[in-house]
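Engineer: With the sequence up front, the predicted model follows.
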Amino acid sequence: MTTLFHYPNGKKPQSSAGPARSNPQTYANRGMNLETLLNDTNEFYRLHSRAVIHKKPTPLQIVKVDYPKRSAAKVTEAYFKQASTTDYNGVYRGKYIDFEAKETNNKTSFPLGNFHDHQIHHMRECERHGGICFVIIRFSRYNTQYVLSTEQLLVWWEQRESGRKSIPLSYIEQEAIEVPTRAMPAIDYLTAIEAWLD
């Protein structure tokens, strides 16, 4: 998303997006969390008419609200109404798209404990009905992320009770699609999805 800065010296506002870079790899987004990067990317996609994808709101039951003044309300007590499914959904090239985003500081693997049964069930259901479903896994130490298909995730999920409790980074590097961090869009995951659709 482009931000305009207004300086007190009267100069014309400059866009913070800056000129397009020839090198897609950048360290500008190092330290930003995955949700922020994806929200910025999704806004870029919407503004450029590539897709309409939003973060799903967490379903909350509000119990108590304080009204310190007439124009302001503050939620002071709430609880989750139900287990959430995945993080993002929307439409891309006429297809329903649904995905979960996870981040880890681990150096060599991604812990399967970061997923929940209801999320896996939801992803299976979406795929059964023709949706595009996947996971974006970010290794924050390396400032990189990968698109992993539901099918690839399920291979590891189904053996977790008797086998490994994590997905090795070496497997992810070989089998998933790497999506480098760039200026804009920050995480161009639709490029990976285009490869599947084409």
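Structural biologist: That came through fine.

Engineer: Name the SS class of Ile53, please.
Structural biologist: strand (DSSP: H, G, I helix; E, B strand; the rest coil).

Engineer: who touches it in this structure?
Structural biologist: By C-beta atoms under 8 Å, 6 or more residues apart in numbering, Ile53 lies in contact with 42, 45-46, 88-92, 97. Quick note: C-beta positions are derived from backbone N, CA and C, even for glycine.

Engineer: Repeat that for Phe139.
Structural biologist: So Phe139 contacts 104, 106-107, 110, 145-146, 169 (C-beta under 8 Å, 6+ apart).

Engineer: Write the ChimeraX selection for whichever of the residues you listed are buried.
Structural biologist: Entered in ChimeraX, the line below selects the buried ones among those, by 16 or more other C-beta atoms under 10 Å:
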select :104,110,145,146,169
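
Engineer: Nearest to Pro57 among the contacts of Phe139?
Structural biologist: Of all the contacts of Phe139, Pro57 sits closest to Gln145, with 23.1 Å by C-beta to C-beta.

Engineer: quick one: the closest one and Arg138 touch, right?
Structural biologist: Yes: here Gln145 lies in contact with Arg138, judged by C-beta atoms under 8 Å, at a distance of 4.0 Å.

Engineer: can I assume Pro68 sits in a helix?
Structural biologist: No: judged by three-state DSSP, Pro68 forms no part of a helix; its state is strand.

Engineer: Without its sequence neighbours, what residue ends up closest to it?
Structural biologist: Of all residues beyond its chain neighbours, the one nearest Pro68 is Lys74 (6.4 Å), with distances taken as C-beta to C-beta, 6 or more residues apart in numbering.

Engineer: Number of residues surrounding Ala186?
Structural biologist: 25 (other C-beta atoms under 10 Å).

Engineer: what about the closest residue in space to it that isn't next to it in sequence, which SS state?
Structural biologist: In space, and not counting its chain neighbours, Ala186 is closest to Leu37: 4.3 Å by C-beta to C-beta, 6+ apart. Three-state call for Leu37 (three-state DSSP): helix.

Engineer: who are the neighbours in contact with Leu37?
Structural biologist: Applying C-beta under 8 Å, 6+ apart, we find Leu37 in contact with 29, 138, 181, 186-187.

Engineer: That'll do, ta.
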